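*Asks:* With the input below, show me the fold.
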Amino acid sequence: MGFPRAKAFKEGKRVEVCSREDGFQGSYYGATILQNTGDNKYKVKYNRLVSEDDHSIPLEEVVEGDEIRPLPPLPPPKKTKAGFADGDRVDAFDNDGWWSGIITGKVGCYFGVYFETGHHIGYPERMLRHHMDWRNGEWFFYH
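*Replies:* Numbering: from 1, shown residues only. From the prediction side, this is the model:
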């Protein structure tokens, strides 16, 4: 996938973790690196996901280094256009994480976003960001 090598993530660094669970593939969740546990694995604490045992405690788990990426730059690079247009690849914030989809249109102040899961949902602009991929230590922008 082109994620950074293990040594790139230090304790306290804010990152996004990619889910590999069924039904959640390709979604990213904000987290903080707690510890390098060795063998390219890290203990992370999620910003919004909580423990199943106690819903008031942030979820902590050990993840593979290739499931982690730095936070994408905000705002998008200056070379990009402002706003969103039909066909733009975006990430929509939903269910405590970022999900990749395609803009299908705009109705009022809501942008339609189509996801590979077959879902089509409307989001206000504040819940969207331009999709970017992290490869070989660089961010690549899609529109």
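*Asks:* Roughly how far does the most centrally placed residue in the chain sit from residue 36?
*Replies:* Note on the chain: the residue nearest the mean C-alpha position is residue 28, at 3.0 Å, using CA atoms, centre = their mean. In this view, residue 28 and residue 36 are 20 Å apart by CB to CB, to the nearest Å. (Glycine included, C-beta is placed from N, CA and C.)
*Asks:* from what I can see residue 122 touches residue 110, true?
*Replies:* Yes. Residue 122 is within contact range of residue 110, at 3.7 Å (criterion: CB atoms under 8 Å).
*Asks:* Read off the pLDDT value for the residue lying farthest from the centre of the chain.
*Replies:* Farthest-out residue of the chain from its mean C-alpha position, per CA atoms, centre = their mean: residue 108, at 26.1 Å. Here the pLDDT value assigned to residue 108 is 93.
*Asks:* what's the answer for the one 3 residues further on, then?
*Replies:* Reading off the per-residue confidence, residue 111 sits at a pLDDT of 96.
*Asks:* tell me the SS of it?
*Replies:* Per DSSP: H, G, I helix; E, B strand; the rest coil, the local secondary structure of residue 111 is strand.
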